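Visitor: My questions are about this predicted structure, shown below with the sequence.
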Amino acid sequence: MNSFKTFILIAAMTGLLVALGNYFYGQSGAIIALGVGLLLNGFSYFFSDRIVLMTYRARVVTQQDAPQLYAIVENLAQRAGLPMPRVAIVPEQTPNAFATGRNPDHAVVAVTEGIL
């Protein structure tokens with residue numbers, strides 16, 4: 001269901017961009033907007049995990065870097081029947097955690113230093 005929702009959102013964003021291109025520049029503007037929309041949305045879809053990690057200045061850690069955190073995430077992944085995601089630490093003191101990625105094989109679980 002989440003994949004369907006993601007597809008609908010991407011299609012709606014591309015459609016809005018095409019409509020704006022058509023409104024301001026006619027048919028050629030709509031075609032250019034379609035190309036730009038497909039490139040931007042495709043890039044965002046395939047690299048969303050990396051974009052989020054760069055935005056938060058998070059660093060991916062190994063089991064040696066954060067053994068307790070890694071063990072917690074590994075335990076939860078096993079219990080959920082999911083592959084082990086990458087684990088990242090965000091250099092921020094506000095207690096927070098989030099998961100990102102387009103599917104379980106490209107997932108990242110990130111936690112802030114404040115929650116550690």
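Guide: Arrived safely.
Visitor: give me the element Leu69 is part of.
Guide: Using DSSP states H and E, Leu69 falls within helix 67-80.
Visitor: Report all helices and strands that that helix contacts.
Guide: Identification of packing neighbours for helix 67-80 by 3 or more C-beta pairs under 8 Å, 6 or more residues apart in numbering; DSSP states H and E yields strand 86-90. Every C-beta, even on glycine, is put in place using the N, C-alpha and C of the backbone.
Visitor: Kindly calculate the angle that the strand it packs on makes with helix 67-80.
Guide: Inter-element angle recorded for strand 86-90 and helix 67-80: 130 degrees (by axes from the mean of the first three to the mean of the last three C-alpha atoms, to 10 degrees).
Visitor: For the next helix or strand after strand 86-90, what is the distance to the chain centroid?
Guide: As assigned by DSSP H and E, the chain's next helix or strand after strand 86-90 is strand 97-100. Here strand 97-100 shows a centroid-to-chain-centroid distance of 9 Å under the convention C-alpha atoms, centre = their mean, to the nearest Å.
Visitor: Could you do stretch 16-26 as well?
Guide: 27 Å.
Visitor: can you pull the buried residues of the helix holding Leu69?
Guide: Within helix 67-80, the residues that count as buried by 16 or more other C-beta atoms under 10 Å are 69-70, 73, 77.
Visitor: With distance to Pro83 added, can I get the residues you listed in JSON lines?
Guide: As requested, those are exported to JSON lines (distance: C-beta to C-beta, whole Å):
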{"residue": "Leu69", "distance to Pro83": "17"}
{"residue": "Tyr70", "distance to Pro83": "14"}
{"residue": "Val73", "distance to Pro83": "11"}
{"residue": "Ala77", "distance to Pro83": "7"}
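Visitor: What is the nearest of those to Phe4?
Guide: Checking the buried residues of helix 67-80 against Phe4 by C-beta to C-beta gives Ala77 as the nearest, at 24.1 Å.
Visitor: where's the spatially closest residue to the closest one that is not a sequence neighbour, which helix or strand?
Guide: Nearest residue to Ala77, sequence neighbours excluded (C-beta to C-beta, 6 or more residues apart in numbering): Met84, at 5.0 Å. Met84 belongs to no helix or strand when elements are defined using DSSP H and E.
Visitor: ok, the buried residues of helix 67-80 vs Pro95, which is closest?
Guide: Leu69 (13.6 Å).
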